[in-house]
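Novice: Please find the sequence and the predicted model below.
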Amino acid sequence: MLRVLGIKSKPTEISKDESIPLILKQAHDFEVSLQAMDYLLDDRTNEGLYLIEDDPDSAIKTLAKGVIKFLEATLGFESDVMKKAGEVLTKAEALSTRERSKSQNLNLKTSQNFPPGTEYAVTYAESNLLNALIMLLSESMIESAKALYKLRKAYQTLEEIFKHIKEYEKKTGVKVTNLPNESSSSLTSGLSSINKFADIPFQLTTEQLKEPKLKAIAEKVALMRNARLNGAHIGNSPASERLRSTVGFNNLDEKASPNLTENIIQNNQSTVDEFIISGANLCFGILQLVLSLLPPAIGKVLSIVGFKGSREQGLKMVWKSVQGRNVQGCIGLLGLLIFYDGPFQFTDSDFDIPDFKSKSSVSSELSNLSLQRTRSAKIMKTESKAFQGIGEPTLLHPGQKLEDCLLYARALFPHSALWLLQEARMLTSRGKLEEALNLMESLDRKIEMKQVEALLLFDKVMILIFLHKFERAAETITELLKVNEWSPGLYTYAAGCCYLELYRMCELGLITDKKELNRAGYFKSKAKELILKAPQLSKQGKIMSKQMPFDKFLLRKISQFKHTASQQNVDIIDAIGTSPIHELSYFWNGYNRMPEEHLKLAQKSLNYGISEHAKVPEAENQLMIRNLLQSITLRRLGEITEGREIIDEKVLKYIIQEDDSSPNGVIFIKHTEDPWLYPTALYERALFYWKEHGIEGLEESKKWLRRALDWADDYELSTRIGMKIKAALDRLEVL
């Protein structure tokens, strides 16, 4: 191996003269790899892969390929892509171990701040972490066990890296995780402002500075880094030319003010140092976040052996990684956008609690919040407060800070539908559904990455459902089925439920157009066709040969429909109780996103099962689902007391019984139908108490959340519901 490096003898370390070409070659390889990954983020994957295919034994280039495959896998959940991603990341782990050992043996210092091989410790930890996440997504017990082992290895490696970071900070007094700003003007002022030898961690002699070959490669790396920081390294014009100051379809033609066009990485920082700092923050942050969000059953086991994550610390570290103008920062940003504005939010915006820098301010701040809540009960004011945050940007309410980061990504990657999708999701989370829909439909170029196209179509379906545009939603599902086979059963079931709701709206008089009313029979037959077709298709929707939770969910629901139809001797469409499309809306955060008029329409639609049109009496489980969903719509409309009375009298009385001798004060009345409903009702009751009492109701809200967490049945959506409950309880526990 030493011969490959051009070293004739076998010393334990090499001289500075011998190390310089190796250091610059490595910096060049890292820049090429960062460029390749940015091509992916601009929806030009093939161009990115072309850059790194020439060196299959390079740890950083293999990791770059692994990151590309990882993003494809996690965006699309396709089993063959997930398998390929795992294989590439496993290879990256092995190569990283080899390269780190080589750097340590040669004492090859590529950084003045960190020991030899630290950059490969980061690539090793990142390979482990991403590989573990792929395994966790498989939902296989064996793969999950392997994943936890990999997470542990990543954790240990990252702890070692941060030990070095802290030592450097202590020694120099410089916070390497908080880099000062560098204005875009200095980044575009030409090569004179660039330190060509920033990647060499020691002082060069006059002769070395004049060496033509050395100058050439150093200058090339510096130019590549400068172009990347400028956002002009993948053939696009500088990002500053496209930067906007506000998200939204109505603001696509605006331009940002000059003070928003600042870059946040020093152009005299070495590529390796930048990679180490942003990579370590990203990996350790995501690791902490993943551990904090694991389902309660797994989290309890891990905490026993001291393997516990902190959601607050994880978010802070991911935010630090976003400072990097590289793929690490972009992955961090993507994670934050999914966390805050994704279809399934880990932090419910109705738990509108600010983040506090000192506990002494908790009481007064939350008391003020409680007063604000009393004065602004109606939906629009509530949403304004929930999403703008209180005071400075916080972990729970990042506000403009997150928006600015997204706008910068949109400017950096103008060809990518991925970032357009994230902007649409941000608008959706703020209740601007029509504007989000218009933004999605403004896309005028072909999406190369089919996983992103599928996500965009799926989000479009959900927005159309929240807007009660059910026929368009069903038609969009047909498009979705052509590009993605993640869960054809769920897609088909959802389409059938859309047609069912159209039929019911005709019956209830919520559709008044005569032409549409004449199609009621068509809507009913189409609903029956698709709902009955879904079970067979659900057998195709598997990850690693395992049936997915939502497929189990729809199989149970359709079995219920068939049983009722047989018992009551009616058509299966007439045997369906509470609106199944509104039930699905809850799982995708629909009630937090519907505008006021659509919340009111949902209220009316949910009454079908007790209307004169219903062909069967309302079963107890259907009554509870209907009343739960109606209570939530009332809360979102600001009718908190009325909503709480409904959930107390028409839901909770059927599932709990007060008992002072019990640890949590109640005895659970267990049911087998619709198992997601019962812990969800307890979770929503906590939210009602919080909305009514604010800080004074903190302990009672936590009590309801603990009850929800204690309802620990293993059911098809237990992971989804459990994570949501745990995230809310964790948030309240820090107060």
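Specialist: Sure thing, it's come through. Numbers count the residues shown, from 1 in each chain.
Novice: For Leu89, list the residues it contacts.
Specialist: Applying Cβ atoms under 8 Å, 6 or more residues apart in numbering, we find Leu89 in contact with Leu63, Gly66, Lys69, Phe70, Ser127, Leu130, Asn131, Ile134. No exception for glycine: its C-beta is placed from N, CA and C like everyone else's.
Novice: Next secondary structure element downstream of the helix or strand of the chain with the lowest mean pLDDT?
Specialist: Taking mean pLDDT, DSSP states H and E as the measure, the chain has helix 184-187 as its least confident helix or strand, at a mean of 30. Counting by DSSP states H and E, the element after helix 184-187 in chain order, helix or strand, is helix 206-210.
Novice: I'd like the distance from whichever helix or strand comes after that following helix to the chain centre, please.
Specialist: Secondary structure here is assigned by DSSP H and E; on that basis, the next helix or strand after helix 206-210 toward the C-terminus is helix 212-230. In this view, helix 212-230 has its centroid 34 Å away from the chain centroid, taken as Cα atoms, centre = their mean, to the nearest Å.
Novice: Alpha carbons only: can I get helix 212-230 in PDB?
Specialist: Extracted C-alpha coordinates of helix 212-230, given in PDB (Å, rounded to 0.1, in the frame of the first residue of the first chain):
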ATOM      1  CA  PRO A 212       4.300  24.600  -9.800                       C
ATOM      2  CA  LYS A 213       2.500  21.300  -9.400                       C
ATOM      3  CA  LEU A 214       1.800  22.000  -5.700                       C
ATOM      4  CA  LYS A 215       0.400  25.500  -6.600                       C
ATOM      5  CA  ALA A 216      -1.800  24.000  -9.300                       C
ATOM      6  CA  ILE A 217      -3.600  21.500  -7.200                       C
ATOM      7  CA  ALA A 218      -3.800  23.800  -4.200                       C
ATOM      8  CA  GLU A 219      -5.300  26.500  -6.500                       C
ATOM      9  CA  LYS A 220      -7.700  23.900  -8.000                       C
ATOM     10  CA  VAL A 221      -9.000  22.800  -4.500                       C
ATOM     11  CA  ALA A 222      -9.300  26.400  -3.400                       C
ATOM     12  CA  LEU A 223     -11.300  27.300  -6.500                       C
ATOM     13  CA  MET A 224     -13.600  24.300  -6.100                       C
ATOM     14  CA  ARG A 225     -14.200  25.200  -2.400                       C
ATOM     15  CA  ASN A 226     -14.900  28.800  -3.300                       C
ATOM     16  CA  ALA A 227     -17.400  27.800  -6.000                       C
ATOM     17  CA  ARG A 228     -19.100  25.400  -3.600                       C
ATOM     18  CA  LEU A 229     -19.400  28.100  -0.900                       C
ATOM     19  CA  ASN A 230     -20.700  30.400  -3.600                       C
END
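Novice: For Ala411, give me its contacts.
Specialist: Listed by Cβ under 8 Å, 6+ apart, the contact set of Ala411 reads Gly231, Ala239, Ser240, Glu241, Arg242, Leu243, Arg244.
Novice: what about the chain, any weak spots by pLDDT?
Specialist: Along the chain, the parts satisfying pLDDT under 70 run over 1-12, 138-142, 172, 174-195, 257-268, 295-307, 345-347, 352-397, 541-546, 734-735.
Novice: domain ranges for it?
Specialist: Listed domain ranges for the chain are 16-201+223-234+261-340, 352-397 (source: automatic domain parsing).
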